[in-house]
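1. need a 3D model of the sequence below.
(chains A, B, C and D)
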There are 2 protein chains.
Amino acid sequence: MSRGRGRPRKFDETEVRQAIMRCFWAKGYAATTLDDLAKATGLVRPSLYGAFGGKEDMFLAAMDDFAARTRAYLVGKVPADAPLDVVLRAVFSAMLDLYLTEDGGRGCLVFSTAGAEAPAHPQIREKLLEKLNQSDDQFRRLLERHAPSAAPQNLETAAGLAAAALHSMGLRARSGVARSTLEEFAESAANSIAALVDCAGARRTAD
Amino acid sequence: MSRGRGRPRKFDETEVRQAIMRCFWAKGYAATTLDDLAKATGLVRPSLYGAFGGKEDMFLAAMDDFAARTRAYLVGKVPADAPLDVVLRAVFSAMLDLYLTEDGGRGCLVFSTAGAEAPAHPQIREKLLEKLNQSDDQFRRLLERHAPSAAPQNLETAAGLAAAALHSMGLRARSGVARSTLEEFAESAANSIAALVDCAGARRTAD
DNA sequence: GTATTTTTATACCGAATCGCACAATAATAA
DNA sequence: TTATTATTGTGCGATTCGGTATAAAAATAC
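-> This is a model prediction of the structure:
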């Protein structure tokens, strides 16, 4: 499993990427310095630069790594066939576990920290937009699977609201809202959105 | 209208505060430098420091100023007695106008940029939490006024969802989502949330 | 063994960072 | 006029910023 010719790396790439991700997660993009990253990874700055590029490159990779971790968190926690409200509660509950990691709420690296940099960093803005679309799509597919009889327009709306609830949960977690409060919010939001879908609550879809 | 003894200021305090607010709005807290603020306001750094304190003081003030601007944006745009869906659409539409200000979407200074700094800056985190609670409260009062017959538990949930929709709209606007897409999202969210309240869509409020 | 290649480690770069002395300035109070 | 007070503008100052030049180190290829 050698990399070929030269001197071998003495670090594990995926471990270092996780450390970089945690660092950006804690402090956001702008407030994280290359020294922070060097200290967190145990590498010196030139090694970081050689392996992962500049600061912005590392943050973009961290956004992808966080999204991957998010997906990993959901695997096995979403029941295959269950009523929609049960499924939504499971998803929100798992995401809260992630957002309330360790010492105090950190929210979502992507949704709760990348927004600040969007206007000044087109690549970050672009990837944030991509992640937003993915969260919409994932909820839409989830709703399609668990409520196939619902009207497409209803599904679209409910998916958008579910994603919105998720974005808000990240922000609230990062601002220090208590876990119990967040769990209440998550449960009532899940119930309401599920009710929306198959009760056909939305009226006047296109006036 | 003199300030007493010494040399008079040659700047208008509220104008300068607005300039500071716009600056933080565009770049977020960490990426904004005192030189940016000095250039945007036309003041030199020592004058800024003397009048408004350090960078964090200025950002905290900017959060309040943005919240005040938000309230001002809503005045006169929310019909006094109208169906709930109409009122919610008016609120969301006004907020979208604010979030899509000028050159490209900037979202919300508070909800879309302050989250990144929360873990490292307790005062910012505290004020963000305060603004989050205020947005929940404002929606709760709005719903109480326009749907007095609804169950309190329903109102609480719907208010949280409305606030969540607002937080998400800020994030989406800042990430570059097109205005028309955002308007569709706002309209369908408003309709759904209104339907939730008086259709008593939510089931199993406390299991 | 010798050459080649890649990573590490030290040290450094110019620029930018926040904050603050310090003196000059412009008003009021006596 | 003279003293007092507050603001302004210049400029420093120690630190930190992201990034890189350079050479030592550690592996493989020949």
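2. so which bits of chain A are right by DNA strand D?
-> Residues of chain A lying near DNA strand D by C-beta under 7 Å from any atom of the strand: A:2, A:4-8, A:32-36, A:45-46, A:49, A:54-56. Where C-beta positions appear, they are placed from N, C-alpha and C, glycine not excepted.
3. if you set the cut-off to 10 Å instead, what comes out?
-> Contact residues, chain A versus DNA strand D (C-beta under 10 Å from any atom of the strand): A:2-8, A:10, A:29-38, A:44-50, A:52-58.
4. quick one, domains of chain A?
-> If you go by automatic domain parsing, the domain ranges for chain A are A:7-59, A:76-206.
5. lowest average pLDDT across the ones you listed?
-> In terms of mean pLDDT, the lowest-scoring of these is domain A:76-206 (a mean of 93).
6. anything in that one near DNA strand C?
-> No - using C-beta under 10 Å from any atom of the strand, domain A:76-206 stays clear of DNA strand C, coming no nearer than 11.4 Å.
7. next one, pLDDT for residue A:2 please.
-> pLDDT, residue A:2: 64.
8. related to what we said a few turns ago, format the domains of chain A as JSON lines; extra columns: distance to residue B:151 and mean neighbour count.
-> What follows is the domains of chain A, written out as JSON lines (distance: least, C-beta to C-beta, whole Å; neighbours: other C-beta atoms under 10 Å in any protein chain shown):
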{"stretch": "domain A:7-59", "distance to residue B:151": "39", "mean neighbour count": "16"}
{"stretch": "domain A:76-206", "distance to residue B:151": "12", "mean neighbour count": "20"}
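9. can you put these in TSV and add distance to residue B:106?
-> Shown next, in TSV, are the domains of chain A (distance: least, C-beta to C-beta, whole Å):
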stretch	distance to residue B:106
domain A:7-59	16
domain A:76-206	6
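10. three-state assignment of residue A:103?
-> Recorded secondary structure, residue A:103: coil (DSSP: H, G, I helix; E, B strand; the rest coil).
11. what's the spacing between it and residue A:18?
-> 17 Å (C-beta to C-beta, to the nearest Å).
12. over to residue A:149?
-> Counting by C-beta to C-beta, the gap from residue A:149 to residue A:18 is 42 Å.
13. same check, this time on residue A:184
-> 31 Å.
14. report the contact partners of residue A:19.
-> Contacts for residue A:19 (C-beta atoms under 8 Å, 6 or more residues apart in numbering or on different chains) come out as A:37, A:40-42.
15. tell me which element it falls in.
-> Secondary structure from DSSP states H and E places residue A:19 in helix A:13-31.
16. once you drop chain neighbours, what's closest to residue A:25?
-> Of all residues not flanking residue A:25 in the chain, residue A:109 sits nearest, at 4.4 Å (C-beta to C-beta, 6 or more residues apart in numbering or on different chains).
17. settle this for me: the one you found is touching residue A:24, isn't it.
-> Yes - using C-beta atoms under 8 Å, residue A:109 makes contact with residue A:24 at a distance of 6.2 Å.
18. now do the shared contacts for these two.
-> With C-beta under 8 Å, 6+ apart as the test, residue A:109 and residue A:24 both reach residue A:62.
19. please see if stretch A:146-156 touches chain B.
-> Yes - in terms of C-beta under 8 Å from any C-beta of the partner chain, part of stretch A:146-156 sits within range of chain B, namely A:153, A:156.
20. now stretch A:111-129
-> Yes - with C-beta under 8 Å from any C-beta as the criterion, chain B is reached by stretch A:111-129 at A:111-113, A:115-120, A:125-126, A:128-129.
21. and residue A:178, how far from residue A:105?
-> Applying C-beta to C-beta, the value for residue A:178 to residue A:105 is 9 Å.
22. now do the helices in chain A.
-> Secondary structure of chain A by DSSP state H: the helices cover A:13-31, A:34-41, A:45-52, A:55-74, A:84-99, A:109-113, A:122-146, A:152-175, A:179-199.
23. got a list of contacts for the third one?
-> Applying C-beta under 8 Å, 6+ apart, the external contacts of helix A:45-52 come out as A:9, A:11, A:13, A:16-17, A:20, A:34-35, A:37-38, A:41, A:43, A:58, A:61.
24. quick check: angle from it to helix A:34-41?
-> Relative orientation of helix A:45-52 versus helix A:34-41 (axes from the mean of the first three to the mean of the last three C-alpha atoms, to 10 degrees): 80 degrees.
25. got it, and the last one?
-> In this structure, helix A:179-199 runs at an angle of 90 degrees to helix A:34-41, with the same axes, to 10 degrees as the basis.
26. export helix A:179-199 as CSV, just CAs?
-> What follows is helix A:179-199, C-alpha atoms only, in CSV (Å, rounded to 0.1, in the frame of the first residue of the first chain):
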residue,chain,number,x,y,z
ARG,A,179,-31.0,19.4,23.9
SER,A,180,-34.5,18.8,25.4
THR,A,181,-35.9,22.0,23.7
LEU,A,182,-34.4,20.9,20.4
GLU,A,183,-35.9,17.4,20.8
GLU,A,184,-39.3,18.8,21.3
PHE,A,185,-38.9,21.0,18.3
ALA,A,186,-37.7,18.1,16.2
GLU,A,187,-40.6,15.9,17.3
SER,A,188,-43.3,18.4,16.7
ALA,A,189,-41.8,19.4,13.4
ALA,A,190,-41.6,15.8,12.2
ASN,A,191,-45.3,15.2,13.2
SER,A,192,-46.5,18.3,11.5
ILE,A,193,-44.6,17.8,8.3
ALA,A,194,-45.8,14.2,8.1
ALA,A,195,-49.4,15.4,8.7
LEU,A,196,-49.0,17.9,5.9
VAL,A,197,-48.0,15.3,3.4
ASP,A,198,-50.9,12.8,3.6
CYS,A,199,-53.5,15.2,5.0
